[in-house]
Structure formats: structure tokens, C-alpha cells
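Enquirer: Give the three-dimensional model of this entry:
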Amino acid sequence: MIISQEDSSMSNFNFDSYCGLYCGACDILQAYRKGLETGKTPGWDDVPERMRKNLPFHPKEIKCHGCKTDTVFGGCAYCPIRKCARKKGNVEHCWDCKKYPCFRFKLMSIIAKLSSLDKKLPHQKTKKANQACICEFGTAQWLAVQDNKWKCPGCGTTFSWYRETCEKCGRELDSLKGYM
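Expert: Predicted coordinates for the structure are as follows:
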């Protein structure tokens, strides 16, 4: 992989999303960032099996800077919530929209339940609660809380949605997530 000037800057990552997911804890984004840091092209083996086996698709390239950037993972690029917010232009989060919770937001939850996606990828269940926190406390405070939440309390290493143990110190992480 040839790393472009745009890709090589770690400041080009945005962990905020329109729907309320925290992109900083995304296994795909973390695999890509780690690849940039190490100079190794990330592969599907770099994504925890708990996520990898439940994705309905596997694009060839693991590359993402976060939902609100132009460099987004293939599956997220088709997200109807992301498309809606970007089309409106003045919506930073779903709760900013006069129609929230709209049919699209509700439909995504219904589809997740009917397809068992909410059981296979339970991080998806955090959207509604995260929207409420963003609304009440603001984006900056929510991002600060999320940044702290997704660091191992034992050693401070950042971890992701589906990492079971800390890569650095081996601490069990599932109990810290609140949805596993």
C-alpha cells in the first residue's frame, strides 16, 4: 500500500458520526490506523473475528477515517443515515434534524432487530443513547467521554468494539462496553 500525504496524517481522523456511533472504537478504523502507524497494509485478520464474521460484506480494502470524512469504509459509505445527513448539509447528528427520530432512524433499528444484526453487532444498539448524550452534553464532551471509555483502565491502550482483551496488557474488556 502506498500511503498518501492525506492518509499519513493521524489528524485526518474524525471519531464523531451522524448516527451516534463512536468511530474511534470501530475495529475497521482502528485496524486502518494501526496499519498506517506500522506501515503494514491491514487485512481482515486484523479485525476481530466477532465483527469480521458478522459483517454482511467484506470490501477488499480496510480504509476509513470516520463517518464524517470522505475516506469511509465501504459498508459505511452506503449507510442511509450518513447519506441523509450529508445531503441535508446542516445536520451534524440525527438529533439536529427536525424529523428525529425519523422513519429512517427507526427503520434501521427495526431492520437490525429483524435480521438479528443487533445481536451479531451489538455496538449498533448504542446509537439512541449516544444521540441523547450528544444532545444533552454536546459533541466535545461526548467525544471526551467516549475517548476515555475506549481506553484500557489497566494500561491506557485504545481498544475497539469487539476486542475481547487488551492487546497490550491482556485485561478482559467486554465488561467495560455495556452491550456485550
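
Enquirer: which residues does the residue nearest the centre of the chain contact?
Expert: Centroid-nearest residue in the chain: C23, 3.0 Å away (criterion: C-alpha atoms, centre = their mean). Residues near C23 by C-beta atoms under 8 Å, 6 or more residues apart in numbering: F13, N14, F15, D16, S17, L29, C64, G66, C67. C-betas here are computed from N, CA, C, even on glycine.

Enquirer: got these as a markdown table, with distance to D45 columns?
Expert: Shown next, in a markdown table, are the contacts of C23 (distance: C-beta to C-beta, whole Å):
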| residue | distance to D45 |
| --- | --- |
| F13 | 22 |
| N14 | 26 |
| F15 | 24 |
| D16 | 28 |
| S17 | 26 |
| L29 | 16 |
| C64 | 17 |
| G66 | 22 |
| C67 | 24 |
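
Enquirer: what kind of secondary structure is K99 in?
Expert: coil (DSSP: H, G, I helix; E, B strand; the rest coil).

Enquirer: For it, give me the backbone phi and psi.
Expert: phi -90, psi 0 (degrees, to the nearest 10).

Enquirer: Please report the distance of it from I81.
Expert: As defined by C-beta to C-beta, to the nearest Å, K99 lies at a distance of 12 Å from I81.

Enquirer: okay, the two: which has more neighbours?
Expert: Each of K99 and I81 has its neighbours counted (other C-beta atoms under 10 Å); I81 has more, 22 against 12.

Enquirer: Spell out which residues sit in contact with the residue lying closest to the more buried one once chain neighbours are set aside, please.
Expert: In space, and not counting its chain neighbours, I81 is closest to C19: 4.6 Å by C-beta to C-beta, 6 or more residues apart in numbering. With contact taken as C-beta under 8 Å, 6+ apart, C19 is in contact with C67, C79, I81, R82, H93, C94, F105, M108, K127, Q131.

Enquirer: wait, is C19 part of a strand?
Expert: No - going by three-state DSSP, the assignment for C19 is coil, not a strand.

Enquirer: all numbers from here: first residue = 29
Expert: With 29 as the first residue, the last one maps to C47.

Enquirer: Quick check: pLDDT value at it.
Expert: On the pLDDT scale, C47 is placed at 93.

Enquirer: for it, phi and psi?
Expert: Torsion angles, degrees, to the nearest 10, at C47: phi -80, psi -20.

Enquirer: and if you look at T185?
Expert: Torsion angles, degrees, to the nearest 10, at T185: phi -70, psi 140.
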